[in-house]
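A.B. asks: Provided below for reference: sequence and predicted model.
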Amino acid sequence: MRPVVMAVVDPMLGGSPRTHEIERLRQLFPSLPLLVYTVLVPETAGALLTLGRAGIRRAVFHRLDDSPECLREALRGELEQSASRRVISALSARLPGLPDTVMQALEGTLHAPASTPTVSHLAYRAQLTRRGCERVFAKLGLPSPGVVMLMARLLYAHHLLLDPGYTVEDVALKLGFARARTLQMHFRGVFGRTAGDLRLSLSIAETVAVVTERFFPSGGADARAVAS
């Protein structure tokens, strides 16, 4: 089972406007990028107004602005707001000099289906050998690739836990942890809190600040950038 990283929905799929399921999806999973792709007919107007009130701002219309280039641009625009992209953007300020290929590979490991990503996985995605990957991090004076990957996964996990639709078990499965207990163990080790405590007590900016202080003390940018 592959994790869902984006939803493309059509309120006119059944021939008449239906928005309840889409509104519910947005309510339960606000961090999930969501794009409306539908036909432009008079009945669409009311549905789009309802979805706009639910916080959905982007729509692409069949046979009007759905050229391959326009669709790619719309998809890219939504994915830029994804939880994983925000996590990687926050970490990039603390990983100065790390090649773009490695940063892209790091984000890719957050979506590795049903497996725990390893340094070898990261290196393969970045088209490096494992030893070459480790040398890149060491040369820049950064924590090891394994530590950086774990921090990225924990920040991503916390981001997902802020969505009311996810349980701790859901997030552990999505990120490839063998058991929810393993995720809880890492949360306690890094933040001194359980997943439930993190969900209630720390914002995204605060978890980034904790990780920065403990593992990236020379990192530059404001930790709150991820929450903007």
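C.D. replies: Now that the structure is in, tell me what you want to look at.

A.B. asks: helices or strands up against the lowest-mean-pLDDT helix or strand in the chain?
C.D. replies: Least confident element among the helices and strands of the chain, by mean pLDDT, DSSP states H and E: helix 68-79 (a mean of 84). With contacts defined as 3 or more CB pairs under 8 Å, 6 or more residues apart in numbering; DSSP states H and E, the packing partners of helix 68-79 are strand 34-38, strand 59-61. (Glycine included, C-beta is placed from N, CA and C.)

A.B. asks: right, and the helix or strand after it?
C.D. replies: Read in the C-terminal direction, the helix or strand following helix 68-79 is helix 83-92, with elements assigned using DSSP states H and E.

A.B. asks: Now the following helix or strand past that next one: buried residues?
C.D. replies: Heading C-terminal from helix 83-92, the first helix or strand you meet, by DSSP H and E, is helix 100-109. When burial is assessed from 16 or more other CB atoms under 10 Å, helix 100-109 yields the following buried residues: 102-103, 105-109.

A.B. asks: out of those, which one sits closest to residue 57?
C.D. replies: Comparing these against residue 57 with CB to CB picks out residue 107 as the nearest, at 23.2 Å.

A.B. asks: May I have the helix or strand hosting residue 200 as CSV, with CA atoms only?
C.D. replies: Take DSSP H and E as the rule and residue 200 turns out to sit in helix 195-201. These are the backbone C-alpha positions of helix 195-201, laid out as CSV (Å, rounded to 0.1, in the frame of the first residue of the first chain):
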residue,chain,number,x,y,z
ALA,A,195,3.0,11.5,20.4
GLY,A,196,-0.1,12.5,22.2
ASP,A,197,1.7,15.1,24.3
LEU,A,198,3.4,16.5,21.2
ARG,A,199,0.1,16.8,19.4
LEU,A,200,-1.3,18.9,22.2
SER,A,201,1.7,20.9,23.4
